[in-house]
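Chemist: Take a look and give me a structure for this.
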Amino acid sequence: MLRALLLNGSLLLCLCLGAGLYGCAVQERPPLSFDDQQALAADRQCRADATQMNNEWRGNTSYFPWRSYYDMCMRRFEVTDEQMRRLHLP
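Modeler: Predicted coordinates:
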């Protein structure tokens, strides 16, 4: 009984240790394409512009005036909805 308990405990400890080490491993990501880099630059610019235009904005990206200006700005930079979803932009 004690031997089975020790075996199960050590197995659980090894599994937790393995999961912890796997979670801390460096995740390799492919470098961003030129278009993705341009989309991120457009995102930074459009966020700044939308915030400047709507200074009562409180950080909620669903706030209508902020959101509509942001979307218009991203369209002006020709960033597609698919790119925005892939890059997890608001």
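
Chemist: where does the chain have low pLDDT?
Modeler: Low-confidence segments of the chain, defined by pLDDT under 70: 5, 14, 16, 18-23, 25, 57.

Chemist: any chance you could map the strands in it?
Modeler: Counting by DSSP state E, one finds no strands in the chain.

Chemist: Just the buried residues of stretch 47-55, please?
Modeler: Neighbour-count burial for stretch 47-55, counted by 16 or more other CB atoms under 10 Å, picks out R47, A50, N54. In short, each C-beta sits where N, CA and C put it, glycine included.

Chemist: can you pull out the helices in this structure?
Modeler: Along the chain, counting by DSSP state H, helices occupy 2-24, 34-53, 64-76, 81-86.

Chemist: residues making contact with the third one?
Modeler: Pointing back at helix 64-76 there. Residues external to helix 64-76 that are found in contact with it (CB atoms under 8 Å, 6 or more residues apart in numbering): 42-43, 45-47, 49-51, 53-54, 57, 60-61, 84, 89-90.

Chemist: rerun at 10 Å
Modeler: Residues from elsewhere that reach helix 64-76 (CB atoms under 10 Å, 6 or more residues apart in numbering): 39, 42-43, 45-61, 63, 79-81, 83-84, 89-90.

Chemist: what's the answer for the second one, then?
Modeler: For helix 34-53, contacts defined as CB under 10 Å, 6+ apart pick out 30-33, 57, 59, 61, 63, 65-80, 83-84, 86-87, 89-90.
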